[in-house]
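**Student:** Model the structure of this input:
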Amino acid sequence: ETMNEVLSAPADSSAEVPEVSETLGPVPVAGLMQAAALLVAAEAGGDQAVTSPAYRQIAAVFAEQSGAKRCKAVLAAIGVPEATDSQGESMRSKLKRLVARGVLVEAEPGLFELS
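**Tutor:** Okay, here's the model as predicted:
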């Protein structure tokens, strides 16, 4: 939906469009493409939950920083450095849900990465 919305928006010739490198910074484009493809596939399969803003934010963390991550590292990356136990459990639940839907894999217990 977001991609269609952005692509169908009328182009404003007076608006300044930033360079791709300015908007992405040091983010590896391959990781973003992989995460986007996984989320689009989940949405095409009828799974609206994993395309919510919270799940897109989690996918972006994995796309931006390659390698496997633990729950606390994901929380820190989204701006929650001192997470409470309930925030940790909520994030762990979301990560497990993304594993069940094929977006992430759990390399070993508690260690998640893009599939």
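**Student:** Would you verify that Ala107 is located in a strand?
**Tutor:** Yes - counting by DSSP: H, G, I helix; E, B strand; the rest coil, Ala107 is located in a strand.
**Student:** Excluding chain neighbours, what is closest to it?
**Tutor:** Ala68 (5.0 Å; C-beta to C-beta, 6 or more residues apart in numbering). C-betas here are computed from N, CA, C, even on glycine.
**Student:** Distance of the one you found relative to Ser52?
**Tutor:** The spacing between Ala68 and Ser52, counted by C-beta to C-beta, to the nearest Å, is 23 Å.
**Student:** Compare the two (neighbour count), which wins?
**Tutor:** Ala68 (16 against 11; other C-beta atoms under 10 Å).
**Student:** Quick one: the strands in this protein, in order.
**Tutor:** Assigned strands in the chain, in chain order: 104-108, 111-114 (criterion: DSSP state E).
**Student:** Would you tell me which of those gets closest to Pro81?
**Tutor:** strand 111-114 (18.4 Å; C-beta to C-beta).
**Student:** Give me the contacts around the closest one.
**Tutor:** For strand 111-114, the external contacting residues (C-beta atoms under 8 Å, 6 or more residues apart in numbering) are 31, 34-35, 38, 59, 62-63, 67-71, 74, 95, 98-99, 103-107.
**Student:** Give me the pLDDT value at Ser21.
**Tutor:** As summarised for this prediction, Ser21 has a pLDDT of 38.
**Student:** which one of the strands of the chain lies closest to Val80?
**Tutor:** The nearest among those, by C-beta to C-beta, is strand 111-114 at 16.1 Å.
**Student:** Do me a favour and average the pLDDT over the closest one.
**Tutor:** 90.
**Student:** Can you dump the C-alpha atoms of it in PDB for me?
**Tutor:** Output of strand 111-114 as PDB, limited to C-alpha atoms (Å, rounded to 0.1, in the frame of the first residue of the first chain):
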ATOM      1  CA  LEU A 111      19.500 -14.700  18.000                       C
ATOM      2  CA  PHE A 112      17.500 -13.400  15.000                       C
ATOM      3  CA  GLU A 113      18.400 -12.400  11.400                       C
ATOM      4  CA  LEU A 114      16.800 -11.800   8.100                       C
END
